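[1] A predicted structure for the sequence below; I have some questions about it.
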Amino acid sequence: MSQTETRRVLAPTESPMSETKLPSSAPPADPRRAGAGHLMRRVIRQEEFGITAVLIVLVVVIGAFHSDSLKQSALLGTALAASFVALIAYGMVFLIAMTEIDLSVGSIFGFSALVCAELMAHGMTPWLALVVGPVTGMVLEAGNGFVANTFRIPVIIVTLGSLTLYAGLATVVSNSQAVTGLPLTSSFFSVLGGNLLGVPFSVWVVIVAGIVLTVVFRRTPFGARVRAIGSNPTAARFSGIRVNRTRIQVLVLVGALCGLAGVLSLAYQEGADPSLGTGLELQVIAATIIGGTAVTGGSGTVPGALVGALIISVINGGLVYFAVGPNWSGVVTGATVVVAVSADGVLRRRRAARLARAGA
């Protein structure tokens, strides 16, 4: 049969146009509503959604009892207090993603600020601190990495000792005294310790650094190597990744961020003393883990570290508003870490079980 013969024969009263399908009785979907729903689902699936919701709830609850906490000045003060922790926590994201933890970040933060302050007091141009501070931190962390790689021991063990070592050096350098004689009239203090467009300069630094390091962690070969080492260091070695070299690089990055945070703290506080940075390592680790970086390695989130730092800052501020003694700050921070780690373990087990059921 020819192709012409195989075609359907139309009825005399039927035209080709009559084959057009009738429109469905269902109303057409609103593209704007569909787009909004898709956007909402994407937002909810973001790693930082849950902890951001927790942060908002904390702010609202504290504000319901103490409305002063919602004033612009109070919120900016909370962000400023979180900025120093967040800046170091960015680096800790890379380190914990490699299944390593650095306990010396608080001591390096304080020592870097103290060295810059001492040099300023002896005539150094204050703006050179922007170089001296990060370089000091990088050198100290390179020392941690050298020991860890040479003797093949975890970074947490090395930094358990260097925490006290660097704090002791700070005491020796300052002779157990706060540094005095700083050139406080320098623009270094008014600019880095002041506001830009009504927002503390340190907060702007944290925002810019967060954007840059998010791209580095998620989109660059360096970030991919970090995540690969954390997921399976043995497989990473077989694939050609130089694990020891990457560990040094990450530690140097952490040191640079510690030094930068120390310089910003020096500019804001207009001084430094040997106790600066004491206990900061716990807040940094807490912010990183609360933010969603897995202690088992292989994944992490830089924006989450910022939210984690803000949560800790809000909690500490809440203790002040509710007239809770400062001695309880460490208790609350420690409890927050325990809860965060426990919740992380539960959520990951549930996610693994869900994936296993889906693959079955």
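    Cool, the structure landed.

[2] Look up how far Leu251 lies from Gly292.
    Using CB to CB, to the nearest Å, we find Gly292 at a distance of 22 Å from Leu251. In this view, the C-beta of every residue, glycine as well, is placed from N, C-alpha and C.

[3] oh, I was asking about Met98
    Taking CB to CB, one finds Met98 at 10 Å from Leu251.

[4] So which of these two has more stuff around it?
    Leu251 (31 against 26; other CB atoms under 10 Å).

[5] any idea how far stretch 247-264 is from the chain center?
    Distance of stretch 247-264 from the chain centroid (CA atoms, centre = their mean, to the nearest Å) equals 13 Å.

[6] nope, stretch 218-233 is what I was after
    With CA atoms, centre = their mean, you get 16 Å for stretch 218-233.

[7] go on, stretch 277-290?
    11 Å.

[8] Could you give me the buried positions within that stretch?
    By neighbour count on 16 or more other CB atoms under 10 Å, the buried set for stretch 277-290 is Gly277, Leu280, Glu281, Leu282, Gln283, Val284, Ile285, Ala286, Ala287, Thr288, Ile289, Ile290.

[9] just stretch 160-176 next, same as before
    Of the residues in stretch 160-176, those buried (16+ other CB under 10 Å) are Ser162, Leu163, Leu165, Tyr166, Ala167, Leu169, Ala170, Ser174.

[10] Let's see the pLDDT reported for the residue nearest to the last one when sequence neighbours are not counted.
    In space, Ser174 comes closest to Pro274 once its chain neighbours are excluded; the distance is 5.0 Å by CB to CB, 6 or more residues apart in numbering. At Pro274, the model reports a pLDDT of 87.

[11] Assign a three-state SS to Pro274, would you?
    Here Pro274 is recorded as coil under DSSP: H, G, I helix; E, B strand; the rest coil.

[12] what's around the closest residue to Phe201 other than its chain neighbours, how many residues?
    The shortest distance from Phe201 to any non-neighbouring residue, by CB to CB, 6+ apart, is to Leu192 (5.4 Å). Neighbour count for Leu192, taken as other CB under 10 Å: 23.

[13] what do you get for the one 10 residues further on?
    As a burial measure, Ser202 scores 28 neighbours (other CB under 10 Å).

[14] what distance separates the helix or strand containing it from the centre of its chain?
    Here Ser202, judged by DSSP states H and E, is contained in helix 201-219. From the chain centre to the centre of helix 201-219 is a distance of 9 Å (CA atoms, centre = their mean).

[15] shift numbering so it begins at 21
    Sure, I'll start numbering at 21, so the last one becomes helix 221-239.

[16] what's the following helix or strand after it?
    Counting by DSSP H and E, what follows helix 221-239 is helix 241-251.

[17] ok, residues contacting the next helix or strand after that next one?
    Next helix or strand after helix 241-251 toward the C-terminus (DSSP H and E): helix 253-258. Helix 253-258 is contacted from outside by Thr119, Arg245, Ala248, Ile249, Val263, using CB atoms under 8 Å, 6 or more residues apart in numbering.

[18] Turn the buried ones among those residues into a named ChimeraX selection, would you?
    In ChimeraX syntax, the buried subset of these is picked out as below (16+ other CB under 10 Å):
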select :119,245,248,249,263
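
[19] And the furthest pair within the contacts of helix 253-258?
    Thr119 and Arg245 (13.7 Å; CB to CB).

[20] helices or strands up against the helix or strand encompassing Val270?
    Val270 is part of helix 263-289 when elements are defined by DSSP H and E. Contacts defined by 3 or more CB pairs under 8 Å, 6 or more residues apart in numbering; DSSP states H and E place helix 263-289 against helix 92-117, helix 125-141, helix 149-171, helix 207-212, helix 221-239, helix 241-251, helix 253-258.

[21] tell me the pLDDT at the spatially most central residue of the chain?
    For the chain, the residue nearest the mean C-alpha position is Ala325 (2.5 Å; CA atoms, centre = their mean). pLDDT recorded at Ala325 is 92.

[22] For it, give me its contacts.
    Counted by CB under 8 Å, 6+ apart, Ala325 has contacts Ala106, Ala109, Tyr110, Met112, Val113, Ala307, Thr308, Gly311, Thr313.

[23] Touching, Pro154 and Leu284? I think so.
    No: using CB atoms under 8 Å, Pro154 makes no contact with Leu284, being 10.8 Å away.

[24] Tell me which of the two has more neighbours.
    Leu284 (26 against 21).

[25] what helix or strand is Gly260 on?
    According to DSSP H and E, Gly260 maps onto no helix or strand at all.
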